[in-house]
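S.K.: Coordinates only, no sequence provided:
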Ligand SMILES: [Zn+2]
Ligand SMILES: [Zn+2]
């Protein structure tokens with residue numbers, strides 16, 4: 001028991017710490033594991049801190065801003081850049097993208113990309129870690145994250161990213177992200193308290209709203225792409241899996257709700273294929289392109305659009 005707890009704590013610091021070998025861990029049976037669920041329990045319980053800290057407009061605004069900034073980090077950076085290489089950027093920006101992604105508390109960019117690339121290769125098949133079709137809704141939403149077999153990074157899936165030692169470093173020590181965020185929120189809360197006491201905020205209130213509440217909502221919205229986006233919505237393309245398109249999910253996830261489009265054509269930086277399919281992450285990527293921070297942004301080829309059932313769509 002004590003040895004299991006010590007291993008879990010060491011793995012929180014170093015994500016590649018597997019004394020028994022990562023390949024051995026990956027072959028373990030798929031099951032709910034209490035030790036792996038402790039960080040999620042702490043994250044959710046932390047939201048109850050609001051009972052003691054209360055709220056202020058400054059804290060709520062910070063939580064909302066951090067939700068959208070970090071949702072973009074997941075969708076526009078982790079997903080569309082690291083996983084699908086849908087556009088190019090400089091090595092320095094790539095590092096900063098990875099660092100920003102860590103603050104979303106969804107582990108490192110190589111782990112995230114490795115799991116997601118496997119999902120595309122085996123979508124809604126038995127080996128897909130988070131298929132609601134094969135393993136049920138709750139398992140696809142959160143259960144799979146508690147199974148230690150899904151914890152090691154499968155570096156075979158991300159050889160292109162592994163070439164960059166600085167990205168491997170971020171992936172290994174992903175705890176840096178949450179610690180940076182907590183530090184920022186403590187300073188931000190203290191600063192506002194000192195400069196403008198009338199706002200009624202303080203460091204602990206900022207941490208409860210900006211870290212615990214914002215991250216919990218972000219976590220469930222992101223998990224919704226695994227669970228809801230493979231169960232609710234419409235299917236435009238026959239992709240051979242249960243991926244769906246949903247405007248509601250697209251609004252919450254800055255464009256990831258166009259999941260059936262994305263499963264059909266993964267290489268594009270754009271997941272809302274038509275002008276009426278709102279895809280905020282794509283608009284931000286275009287803005288980064290206009291600023292010269294990213295380039296070679298991949299679009300959707302005309303032949304892919306024309307292959308949509310129901311004929312050709314016009315007015316892109
Ligand atoms: Zn999917
Ligand atoms: Zn994808």
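M.R.: Sure, I can see it. None of these values were measured; they are calculated from a predicted model. Residues are numbered from 1 along each chain as shown. Ligands and ions are numbered 1, 2, ... in the order given.
S.K.: For residue 174, give me the pLDDT.
M.R.: Residue 174 carries a pLDDT value of 97.
S.K.: What about the spatially closest residue to it that is not a sequence neighbour, how many residues nearby?
M.R.: Spatial nearest neighbour of residue 174, chain neighbours left out: residue 108 (4.2 Å); criterion: CB to CB, 6 or more residues apart in numbering. Where you see a C-beta, it was placed from the backbone N, CA and C, and this is true even at glycine. By other CB atoms under 10 Å, 28 other residues sit near residue 108.
S.K.: just the strands in the stretch 1-150 of the chain please.
M.R.: Using DSSP state E, counting those that start in this stretch, the strands of the stretch 1-150 of the chain run over 88-89.
S.K.: Under the pLDDT cut-off, which ranges of it? List them.
M.R.: Applying pLDDT under 70 to the stretch 1-150 of the chain flags the ranges 1.
S.K.: quick one, what contacts residue 33?
M.R.: Residue 33 makes contacts with 146, 147, 148, as judged by CB atoms under 8 Å, 6 or more residues apart in numbering.
S.K.: Tell me which entries of these lie within helices.
M.R.: When the contacts of residue 33 are checked against helices using DSSP state H, none is located there.
S.K.: ok, the residues you listed vs residue 176, which is closest?
M.R.: Nearest to residue 176 out of the contacts of residue 33 is residue 148 (CB to CB; 21.9 Å).
S.K.: now that closest one: how far from residue 30?
M.R.: 10 Å (CB to CB, to the nearest Å).
S.K.: do the same with residue 2
M.R.: Counting by CB to CB, the gap from residue 2 to residue 30 is 26 Å.
S.K.: ok, now residue 111?
M.R.: Applying CB to CB to residue 111 and residue 30 gives a distance of 17 Å.
S.K.: Of these two, give the one with the bigger neighbour count.
M.R.: Applying other CB under 10 Å to residue 111 and residue 30 shows that residue 111 carries more neighbours, namely 24 against 17.
S.K.: what separates that one from residue 297, distance-wise?
M.R.: 25 Å.
S.K.: How about residue 177?
M.R.: Relative to residue 297, residue 177 is positioned 26 Å away (criterion: CB to CB).
S.K.: the more surrounded of these two?
M.R.: In this comparison of residue 177 against residue 297, neighbours counted by other CB under 10 Å, the higher total goes to residue 177 at 23 against 17.
S.K.: The spatially closest residue to the more buried one that is not a sequence neighbour: what's it in contact with?
M.R.: Closest residue in space to residue 177, ignoring its immediate chain neighbours: residue 102 at 2.5 Å, by CB to CB, 6+ apart. For residue 102, the contacting residues are 108, 109, 170, 174, 176, 177, 178, 180, by CB under 8 Å, 6+ apart.
S.K.: Tell me how many other residues crowd the fifth one.
M.R.: In other words, residue 176. 15.
S.K.: Just to check, it is in contact with residue 166?
M.R.: No: counting by CB atoms under 8 Å, residue 176 does not reach residue 166; the two are 11.9 Å apart.
S.K.: all helices of the stretch 1-150 of the chain, in order?
M.R.: 2-13, 22-26, 34-46, 50-53, 57-72, 91-102, 109-121, 132-135, 137-141 (DSSP state H, counting those that start in this stretch).
S.K.: between those helices, which one is nearest to residue 190?
M.R.: Proximity to residue 190 (CB to CB) singles out helix 57-72 among these, at 12.3 Å.
S.K.: Could you report the distance from residue 252 to residue 224?
M.R.: 7 Å.
S.K.: any idea which of the contacts of residue 102 is closest to residue 263?
M.R.: residue 109 (21.0 Å).
S.K.: which residues does that closest one contact?
M.R.: Here residue 109 is in contact with 77, 78, 82, 97, 98, 101, 102, 161, 167, 170, 171 (CB under 8 Å, 6+ apart).
S.K.: Please list all residues in contact with residue 93.
M.R.: Residue 93 neighbours (CB under 8 Å, 6+ apart): 293, 294.
S.K.: Against residue 225, how distant is it?
M.R.: 24 Å.
S.K.: And for residue 236?
M.R.: 17 Å.
S.K.: so residue 269 touches residue 297, yeah?
M.R.: Yes: between residue 269 and residue 297 there is a contact under CB under 8 Å: 4.9 Å.
S.K.: what is in contact with those two at once?
M.R.: Shared contacts of residue 269 and residue 297 (CB under 8 Å, 6+ apart): 86, 87, 285.
S.K.: Now flag whichever of these is closest to residue 243.
M.R.: residue 86 (17.2 Å).
S.K.: Find the nearest non-adjacent residue to that closest one, please.
M.R.: Residue 86 sits nearest to residue 269 (CB to CB, 6+ apart), 3.8 Å away.
S.K.: what helix or strand is the one you found on?
M.R.: In this assignment (DSSP states H and E), residue 269 forms part of neither any helix nor any strand.
S.K.: residues near it, how many?
M.R.: Counted with other CB under 10 Å, residue 269 comes out at 24.
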